[in-house]
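> missing the sequence, but the structure's below:
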């Protein structure tokens, strides 16, 4: 365990993240007193979704069964991995609560950042991301899914969306961009940032949901600078009435080696296409352990589940039963459960999950094909 | 006559402009050896359109009767005045030579710069600018006229246009923006600049003219920095094949008081809605004169037509007969023609023109109404 300085930005996560400190620094609020329906979901019950801005507005519309939008974006880069599941589970959760799900495929941002062609990015988005969303249980037919490069097959909608992104440029200063991007600020990053703010806000235009509507944007805590910027812009923009954006923040699912999952390092994550053998090898070889250096020490002093990647994966994703999770935790802390045994539990859980997922994916392929043949998805 | 330093940027014209020096500094080429059809037009014959980049490409397609596009933009601000006629005459000239005319109404740029609502800007664009274009003889039905805020009523076209503007952000650096905008660079100016580059280039996308096509952009010399930027971007952009942009540069029609016409000073221009009395008063009171301080001196030494705004208006716009213009020049230089008499010639010419124009405008109103009711203009 290293004791570096913490750094959390949209581009870097460094050191052991002190979430209480971040809540204070970012000016976000800890999540408290959620309705029962939220606590049935392990992400809320276990405080993996741990903080928010203006969630009250969303809780109210859920209570009164009024319409709301949940908006999210995806960057089509690299393989779909278990880290992505965290957000998909939230999307499904809100979809079941009646939210219309807006999904922005940030291909224009990726085009500028990743130097791939829009065609390649489209392939990745559809076949890696959207297919897995569907396989995980998201109902695509209840989503407004779009590429930034082609907002709609309805010209009025497309014009309104891009117009908003352009108009937003009037309500933000260079210094505000610099505060987010530092000295690496560039024309393409500014452009991406304005598009992203439009992604978050445009559901409230007359051409989309007809007018102001509560919008919830669940993100990883590292994405808050983008939310702050979008909220500042929405606050200043007066040409259309808009309700301030709501957001929730979830903890990181750490990479296997701790730190962030990186698409450039296949051993930093479990991909949803990994074979049982790959899963086993990756976890045994790379999963950062909170255990002791020797079995003797471990038996004597116990392990630290809070920094143990295998335990965290069980907690965040793969062990829904609180009692079982608690038992694993106790056994690990007491030294009864060894690192290798903990890893074995996770490997088995993931491999059962992935086997099932592969099946669902075949089913989802057919759904996706149908979805893409619909009249109102011909721009995808 | 003042002897200040010359300064020519898109935002400032200062001092007596030395066009030969500018040709050298800007790296543009003097226009030479034009086909006869050009020289039948006084703007070319009198070298009011005096320089170019890559005009050869346009001359070739005109010669071989191939398709080409003439692109221009308008900023919906203030009243339509005689300074605007220079460009409209070029538009009509190229339209008659077979060019498809693209007209970008830069309402998103104006929204950011002028702090007016898009609705107000639309009113001004249609009722001040487009109506006068039609009255001056432009055939709107052979134009692709659009607002930046709503490129098309065809979603594929709209998406393609805005996508291009966004993608262009990858091919330009901050320093290049600074070279144009100086330290006043701002997010909204960068945004406007990218849209403007897309305005110039997007005709060549598959969704518009089907692919690469020569595009001519006639501008006042002050606009060359925008052309340079757009040409640099087109040169770097590889996702669609594009032919480098061609441009021509025309001299300024000076404001009445010399310097630039300014929409914030009604006495700096003749508006096309000015009454005969207003025309007379403005010219007599404000038109910068190249005459001498006293009649005696004028008779003895003669006037300087090259700096005399009344003479220049005749030369640029209102005296198409070369022989008559030459006679006026000689008489003015010799002292035979007094400033007051020269002004009288201009006043009469403008008032005849404006009377005729008002009639044409009534006719154009009906055309415009019909034009705006067409299926393919419903986004306007």
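It's in. Just so it is clear, the structure is predicted and the values come from calculations on it, not from any experiment.
> which residues of chain A lie near chain B?
Applying Cβ under 8 Å from any Cβ of the partner chain, one finds that chain A approaches chain B through A:108, A:111-112, A:115, A:117-118, A:148-159, A:162-163, A:166-167, A:169-170, A:172-174, A:177, A:185-188, A:190-192, A:194-195, A:239, A:379. (Glycine included, C-beta is placed from N, CA and C.)
> restricted to buried residues, select those in ChimeraX.
The following ChimeraX command selects only the buried members of the residues of chain A next to chain B, with burial defined by 16 or more other Cβ atoms under 10 Å in any protein chain shown:
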select /A:108,111,112,118,148,149,150,151,152,153,154,155,156,157,158,159,162,163,166,167,169,170,172,177,185,186,187,188,190,191,192,194,195,379
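> how does chain A divide into domains?
Here the domain parsing of chain A from automatic domain parsing is A:7-251, A:266-360.
> tell me the most buried of these?
By mean neighbour count, with neighbours taken as mean count of other Cβ atoms under 10 Å in any protein chain shown, domain A:7-251 ranks first of the domains of chain A at a mean of 19.
> now it: how far from the chain's centre is it?
Once both centres are worked out by Cα atoms, centre = their mean, to the nearest Å, domain A:7-251 turns out to sit 9 Å from its chain's centre.
> give me the mean pLDDT for that domain.
The predicted model gives domain A:7-251 an average pLDDT of 93.
> now swap in stretch A:289-306 and tell me
This predicted structure assigns stretch A:289-306 an average pLDDT of 96.
> contact partners of it?
Applying Cβ atoms under 8 Å, 6 or more residues apart in numbering or on different chains, the external contacts of stretch A:289-306 come out as A:1, A:307-312, A:315, A:328-329, A:332-335, A:337-339, A:342-343.
> how far away is residue A:197 from residue A:205?
As defined by Cβ to Cβ, to the nearest Å, residue A:197 lies at a distance of 13 Å from residue A:205.
> and the helices in the stretch 251-380 of chain A?
Along the stretch 251-380 of chain A, the stretches classed as helices by DSSP state H, counting those that start in this stretch are A:276-286, A:295-301, A:309-313, A:322-334, A:339-373.
> and those helices as CSV, adding distance to residue B:23?
As requested, the helices of the stretch 251-380 of chain A are exported to CSV (distance: least, Cβ to Cβ, whole Å):
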stretch, distance to residue B:23
helix A:276-286, 65
helix A:295-301, 81
helix A:309-313, 67
helix A:322-334, 77
helix A:339-373, 55
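> out of the ones you listed, nearest to residue B:78?
helix A:339-373 (48.8 Å; Cβ to Cβ).
> now residue A:33: phi and psi?
The phi and psi torsions at residue A:33 (degrees, to the nearest 10) take the values phi 50, psi 50.
> so how far is chain B from it?
When Cβ to the nearest Cβ, to the nearest Å is applied, the distance between residue A:33 and chain B equals 39 Å.
> so what does the residue in the stretch 1-150 of chain A positioned nearest to chain B have for phi and psi?
Relative to chain B, the nearest point of the stretch 1-150 of chain A is residue A:150 (4.1 Å; Cβ to the nearest Cβ). Residue A:150 adopts backbone torsions of phi -160, psi 80, taken as degrees, to the nearest 10.
> for residue A:251, same thing?
Here is the backbone geometry of residue A:251 (degrees, to the nearest 10): phi -70, psi 160.
> so the residue in the stretch 201-350 of chain A that chain B sits nearest to, which of the three states?
Residue nearest to chain B within the stretch 201-350 of chain A: residue A:239 (6.8 Å; Cβ to the nearest Cβ). Reducing the assignment to helix, strand or coil with DSSP: H, G, I helix; E, B strand; the rest coil, the entry for residue A:239 is coil.
> quick one: residues contacting it.
A:167, B:117, B:118.
> check residue A:191 too.
A:108, A:112, B:166, B:169, B:191, B:194.
> with distance to residue B:324 added, can I get the domains of chain A in TSV?
Conversion of the domains of chain A to TSV gives the following (distance: least, Cβ to Cβ, whole Å):
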stretch	distance to residue B:324
domain A:7-251	49
domain A:266-360	81
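> which of the ones you listed sits closest to residue B:80?
Of these, the one closest to residue B:80 (Cβ to Cβ) turns out to be domain A:7-251, at 24.8 Å.
> shouldn't residue A:337 be in contact with residue A:328?
Yes: the criterion here is Cβ atoms under 8 Å, and residue A:337 meets it with residue A:328 at 6.6 Å.
> just to revisit the earlier point, so how far is residue A:201 from the residue of the stretch 201-350 of chain A closest to chain B?
Per Cβ to Cβ, residue A:239 is found 11 Å from residue A:201.
> what of residue A:228?
14 Å.
> go on, residue A:307?
Going from residue A:307 to residue A:201 by Cβ to Cβ gives 38 Å.
> and residue A:181, by the same measure?
Plainly put, residue A:181 is 20 Å away from residue A:201 if you go by Cβ to Cβ.
> and if you look at residue A:31?
Here the distance between residue A:31 and residue A:201 works out to 23 Å (Cβ to Cβ).
> same check on residue A:243?
Residue A:243 is 10 Å from residue A:201, where distance means Cβ to Cβ.
> any common contacting residues for those two?
residue A:215.
> run through who's touching stretch A:313-328.
Identification of contacts with stretch A:313-328 by Cβ under 8 Å, 6+ apart yields A:42-43, A:45-46, A:48, A:82, A:85-86, A:89, A:251, A:253, A:305, A:311, A:337, A:342, A:345-346, A:349-350, A:353.
> all helices of the stretch 51-200 of chain A, in order?
Secondary structure of the stretch 51-200 of chain A, counting by DSSP H, counting those that start in this stretch: helices at A:55-63, A:82-96, A:107-114, A:118-124, A:131-136, A:155-168, A:174-181, A:187-201.
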